[in-house]
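S.K.: need a structure here:
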Amino acid sequence: MQSVLSQWVGWRATKDMGKMLGGDEEKDPDAAKKEEERQEALRQEEEERKAKYAKMEAEREVMRQGIRDKYGIKKKEEREAEAQAALEANAEGSLTRPKKAIPPGCGDEEEEEEESILDTVIKYLPGPLQDMFKK
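M.R.: Numbering: from 1, shown residues only. This next block holds a predicted model:
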């Protein structure tokens with residue numbers, strides 16, 4: 001079959017057909033070395049790209065800081081830190097500080113009031129109903 005194809009298409013086509021049909025592939029003795037060099041070149045290009053963009057970002061940040069200084073604008077992180085510090089400072093000794101837990105003994109009064117309200121209601125009921133509720 002290869003001889004027929006070689007007459008039709010030429011030597012290159014038969015070589016490729018031989019590979020597709022399961023023929024022996026030519027093995028390059030330097031293939032591993034070439035692949036390693038290619039990988040190293042890709043790594044180096046990636047490092048150069050990262051360095052380039054880091055440099056560009058640093059330049060942008062210098063420009064941003066100049067604008068912040070000129071107009072008195074603070075970074076978001078600085079504003080959040082100042083707001084948090086202000087909250088903490090206001091919370092100490094302030095009238096608006098967060099409520100603390102109920103002191104002991106304060107919750108007991110409600111139960112007494114409920115009992116007295118129930119007793120008051122029972123007093124106004126007719127005699128047989130008062131007896132039912134007292135049991």
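S.K.: now the helix or strand where Arg43 lies: average pLDDT?
M.R.: Using DSSP states H and E, Arg43 sits within helix 31-71. Per-residue pLDDT over helix 31-71 has a mean of 95.
S.K.: same check on stretch 85-103?
M.R.: Rounded mean pLDDT across stretch 85-103 is 66.
S.K.: same deal with stretch 124-134?
M.R.: Average pLDDT, stretch 124-134: 78.
S.K.: what comes into contact with that stretch?
M.R.: Applying CB atoms under 8 Å, 6 or more residues apart in numbering, the external contacts of stretch 124-134 come out as 122-123. In this view, the C-beta of every residue, glycine as well, is placed from N, C-alpha and C.
S.K.: that one: which residues count as buried?
M.R.: By neighbour count on 16 or more other CB atoms under 10 Å, the buried set for stretch 124-134 is empty.
S.K.: cool, stretch 62-72 as well?
M.R.: Across stretch 62-72, burial judged by 16+ other CB under 10 Å covers no residue at all.
S.K.: same check on stretch 37-48?
M.R.: Within stretch 37-48, no residue is scored as buried using 16+ other CB under 10 Å.
S.K.: mind checking the end-to-end distance for stretch 67-83?
M.R.: Start-to-end span of stretch 67-83 (CA to CA, to the nearest Å) is 22 Å.
S.K.: counting neighbours, what do you get for Lys52?
M.R.: Residues lying near Lys52 (other CB atoms under 10 Å) number 10.
S.K.: phi first, then psi, for Lys74.
M.R.: phi -110, psi 150 (degrees, to the nearest 10).
S.K.: from Gln65, how far out is it?
M.R.: Note on Lys74: its distance to Gln65, by CB to CB, to the nearest Å, is 11 Å.
S.K.: got it, and Met132?
M.R.: Look at Met132 and Gln65: by CB to CB, they are 81 Å apart.
S.K.: and what of Lys75?
M.R.: With CB to CB as the criterion, Lys75 and Gln65 are 9 Å apart.
S.K.: got it, and Glu45?
M.R.: 31 Å.
S.K.: what does Ala54 give?
M.R.: As judged by CB to CB, Ala54 and Gln65 stand 16 Å apart.
S.K.: much appreciated, bye for now.
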